[in-house]
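Trainee: sequence and predicted structure, then a few things I'm wondering about:
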Amino acid sequence: MKVRPYILSLLLILLCLLAACGRTTPNEATITMKEMAFQQSEITIKAGQPVALRLVNQDGYAHAFDMDEFDIHMSLAANETAELSFTPENPGRYLFYCSSPGHHAAGMVGTLIVEP
Ligand SMILES: [Cu+2]
């Protein structure tokens, strides 16, 4: 019978695929807002995969997280933590900033790097 080795190799291929998926899923990043700045001014993620972004405002006043290219505009109250997810399809460098009045000018700005 030649059937068994065939099924066995199929199972092995399937297992390898599952293992590969497990390695690539954690596309996560945390951005901390503290003392009128993004503590991570550069975030690098992979294109074509969902990314879970965790925003942590450690200041005692409100901030915002804005990325025009992805139409993301989030407000964070004092000491608030928020999460958002999106899938960047195209590699490139994208600006993120805080749209609270004066904050962008004060340096609340960073770059999201999407790698192919
Ligand atoms: Cu701000």
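Mentor: Great, that's in hand.
Trainee: can you list the residues of this protein near the ion?
Mentor: Within the chain, the positions adjacent to the ion are 63, 98, 100, 103, 108 by C-beta under 5 Å from the ion. Where C-beta positions appear, they are placed from N, C-alpha and C, glycine not excepted.
Trainee: what about the fourth one, neighbour count?
Mentor: The reference is to residue 103. Neighbourhood size, residue 103 [other C-beta atoms under 10 Å]: 20.
Trainee: ok, it to residue 110 distance?
Mentor: Here the criterion is C-beta to C-beta, to the nearest Å. By it, residue 103 lies 12 Å from residue 110.
Trainee: quickly list what's touching both of those two.
Mentor: With contacts defined as C-beta atoms under 8 Å, 6 or more residues apart in numbering, the residues adjacent to both residue 103 and residue 110 are residue 97.
Trainee: tell me where this structure has strands.
Mentor: Taking DSSP state E as the criterion, the chain carries its strands at 28-33, 42-46, 51-57, 63-67, 72-76, 81-86, 92-97, 109-115.
Trainee: and of these, who's closest to residue 4?
Mentor: For residue 4, the closest of the strands of the chain is strand 42-46, at 38.2 Å, according to C-beta to C-beta.
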